[in-house]
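*Asks:* Any chance you could fold what I've pasted below:
(one chain, ligands or ions: 1)
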Amino acid sequence: MTEHIAQLSELISKAAHTLQSLSSNNVNGPTFPELDDLYNPTSEEFRSNPDAALAANVIVEAAFQLIACVRPPTHSIFHHVCGHIKASALRVCIESNIVEALREGGSEGMHVNDIAKAVNLPPEKLGRILRYLATNHIFREMEPDVFCNNRISSVLDSKKSIKDIISAPEHKHDNTDGFVALMELFGGDLHKSSGYLLENLQDPVTSASEEPFHAPIQRAFNIDVPMFEWYKRSEQEPRRRRFMVAMQGTSVLQPEADLLKCMDWNDISPDSLVVEVGGGLGLSCLTVARAFPQMRFEIQDRQEVVSRGKSAWDAIDTKLTDRVHFRAHNYLDPQPAKTAAVFVLKHVIHNVSDPYALEVLKQLRGAAAPTTRLLLVDSIVPYACHARDNSESIDIASNVAPSLLPNFGAVNERVYISDLTMMLNLNAQERTLSHVQSLLEKSGWKINVIMKRDDTDSFMQPMTAVPV
Ligand SMILES: C[S@@+](CC[C@H](N)C(=O)[O-])C[C@H]1O[C@@H](n2cnc3c(N)ncnc32)[C@H](O)[C@@H]1O
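*Replies:* Now for the predicted structure:
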């Protein structure tokens, strides 16, 4: 056991040494930011060096394992079980604009009485909330009762003034990168839904259901329609609006997969038809359209979405719009495009449970020619152990250090959060590789290429399948 602790500490010190030497060799380049600095995208630029990114990830996962090894297990469980308290404390700060108030307060920090006055909360209670978060390295208590932002809290800065937010709270997230909206969504509605997970699993009506109207969110908000139907109601306009901005915010956590890199497009004829199903506005196809000037595209989605497609493409480059066609189509109905060289399904299957996913895949299979490819772009959930055989293996940490979890543990927690988010909101899921394989087999497809991942903290795993 102590040997394991020694191995983990050694990994950490080696990785820290790598970071230090990369930083000192790179006099004019990005250096490692301090926790007391404020966040800005350039403070994270050191991660563009793959060695630095890997070293940082090794430290994160090895440190997590080290804590799991040495902390009393009762304390570990207690802290995990109380995760909702931390989340609630953070929600107070996000929705009460504490980070914006501290930014306006300046680098000297703000006394909790002044923060409380600026955001209209009781000072003594707010101070206790901030102190708990500062103990977790979110905010800094500079001197008793005086707080300031740090590199972690400042990611929650909408960059708006308190005055503007208070005068039009519904516009807080407009023209932002969406990250704060995403955190508001996860810290609020999703948090409440998660409180009903057990009840949902125990109720015979919902436990085995695969319907999108039987998820914990329905129980939490006393609704009987799928989440997206609920969002359509006029009184839910603020939720709908926040959700749309929040989805842009996901790219802060994980850059959009570039469709051009998701398969070898030179394998298909240059004038092929590419059909993106559930394609939204189809903007993922832009990089492919630019690289292959004869390729044609069809974007299918719900009527209210595709009706905005042409203007969205026109706004980017009117020359590309000639080669794209938008079609309102329900992906559960027979597929009308019969000559597609590639069907693209990107971030679609994870929104639905297996029976619906199978139906989508079968409809595409029904319209596929023997040479048609299916390009699937979604997260693949790694096991928390080694896979049973190599064909199932998407281990990402094995080559780095055998003592770390093969899925890189805490570094990749996001994919498991995403999976349970799908369960909570839609009764849907992210899937393991063998699960995707089984869905493809049942619908008449088989995987032919899985794109190799060249990073350790991305769970996006593009793959192509061909008709069986
Ligand atoms: C998560 S988005 C992915 C959009 C796009 N593929 C991308 O990666 O940016 C899922 C899309 O599925 C669409 N969708 C949902 N239900 C659908 C249905 N029954 N038929 C067609 N599209 C649907 C939604 O409107 C949405 O645009």
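*Asks:* top helix in this structure by residue count?
*Replies:* Counting residues, the longest helix found in the chain (DSSP state H) is helix 2-25.
*Asks:* That one: which residues count as buried?
*Replies:* Under the neighbour-count criterion of 16 or more other C-beta atoms under 10 Å, helix 2-25 has Gln7, Leu8, Leu11, Ile12, Ala15, Thr18, Leu19, Leu22, Ser23 buried. In this view, the C-beta of every residue, glycine as well, is placed from N, C-alpha and C.
*Asks:* secondary structure class for Glu170?
*Replies:* Classification of Glu170 by DSSP: H, G, I helix; E, B strand; the rest coil places it in helix.
*Asks:* Name the helix or strand for the residue nearest to it when sequence neighbours are not counted, please.
*Replies:* What sits nearest to Glu170 in space, not counting adjacent residues and going by C-beta to C-beta, 6 or more residues apart in numbering, is Pro238, at 5.6 Å. When elements are assigned from DSSP states H and E, Pro238 belongs to helix 237-253.
*Asks:* can you tell me if that helix touches the ligand.
*Replies:* No. Judged by C-beta under 6 Å from any ligand atom, helix 237-253 makes no contact with the ligand; its nearest approach is 7.2 Å.
*Asks:* a helix runs through Val225, doesn't it?
*Replies:* No. Judged by three-state DSSP, Val225 forms no part of a helix; its state is coil.
*Asks:* Spatially nearest residue to it (excluding sequence neighbours)?
*Replies:* Phe213 (5.7 Å).
*Asks:* My read is that the one you found contacts Phe228, right?
*Replies:* No. With contact defined as C-beta atoms under 8 Å, Phe213 does not reach Phe228; the gap is 10.6 Å.
*Asks:* Going along the chain, name the strands of this structure.
*Replies:* Taking DSSP state E as the criterion, the chain carries its strands at 110-111, 140-143, 146-148, 273-277, 296-301, 324-328, 342-346, 373-377, 445-450, 463-467.
*Asks:* Now tabulate these in a markdown table and tack on distance to the ligand.
*Replies:* Putting these into a markdown table (distance: least, C-beta to the nearest ligand atom, whole Å) gives the following:
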| stretch | distance to the ligand |
| --- | --- |
| strand 110-111 | 39 |
| strand 140-143 | 37 |
| strand 146-148 | 37 |
| strand 273-277 | 6 |
| strand 296-301 | 5 |
| strand 324-328 | 8 |
| strand 342-346 | 4 |
| strand 373-377 | 7 |
| strand 445-450 | 18 |
| strand 463-467 | 15 |
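*Asks:* Any idea how many residues pack against the closest residue to Phe459 other than its chain neighbours?
*Replies:* The spatially closest residue to Phe459, leaving aside those adjacent along the chain, is Val415, at 3.8 Å (C-beta to C-beta, 6+ apart). Applying other C-beta atoms under 10 Å, we find 19 residues neighbouring Val415.
*Asks:* ditto for the one 3 residues further on
*Replies:* Counted with other C-beta under 10 Å, residues neighbouring Ser418 total 19.
*Asks:* got it, and Arg233?
*Replies:* With other C-beta under 10 Å as criterion, Arg233 counts 12.
*Asks:* What score does it have for pLDDT?
*Replies:* pLDDT recorded at Arg233 is 95.
*Asks:* Next, the contact list for it, please.
*Replies:* When the contact criterion is C-beta atoms under 8 Å, 6 or more residues apart in numbering, Arg233 has no partners at all.
*Asks:* Hmm, Asn149 is touching Glu104, no?
*Replies:* No. Asn149 lies out of contact with Glu104 (C-beta under 8 Å); the separation is 10.6 Å.
*Asks:* Tell me which of these two has more neighbours.
*Replies:* Taking other C-beta under 10 Å, Asn149 and Glu104 do not tie; Asn149 has more neighbours (27 against 13).
*Asks:* Grab the nearest non-local neighbour of the more buried one.
*Replies:* Counting by C-beta to C-beta, 6+ apart, Asn149 lies nearest to Leu102, which is 4.7 Å off, once chain neighbours are set aside.
*Asks:* Let me see the contact set for that neighbour.
*Replies:* Going by C-beta under 8 Å, 6+ apart, Leu102 touches Gly109, Met110, Ile115, Phe139, Phe147, Cys148, Asn149, Ser153.
*Asks:* which of Phe213 and Phe228 has more neighbours?
*Replies:* Between Phe213 and Phe228, counted using other C-beta under 10 Å, the more crowded position is Phe213 (17 against 14).
*Asks:* Do you know the pLDDT at the residue nearest in space to the middle of the chain?
*Replies:* In the chain, the C-alpha nearest the mean C-alpha coordinate belongs to Thr250, at 4.8 Å (C-alpha atoms, centre = their mean). Predicted confidence (pLDDT) at Thr250: the value is 87.
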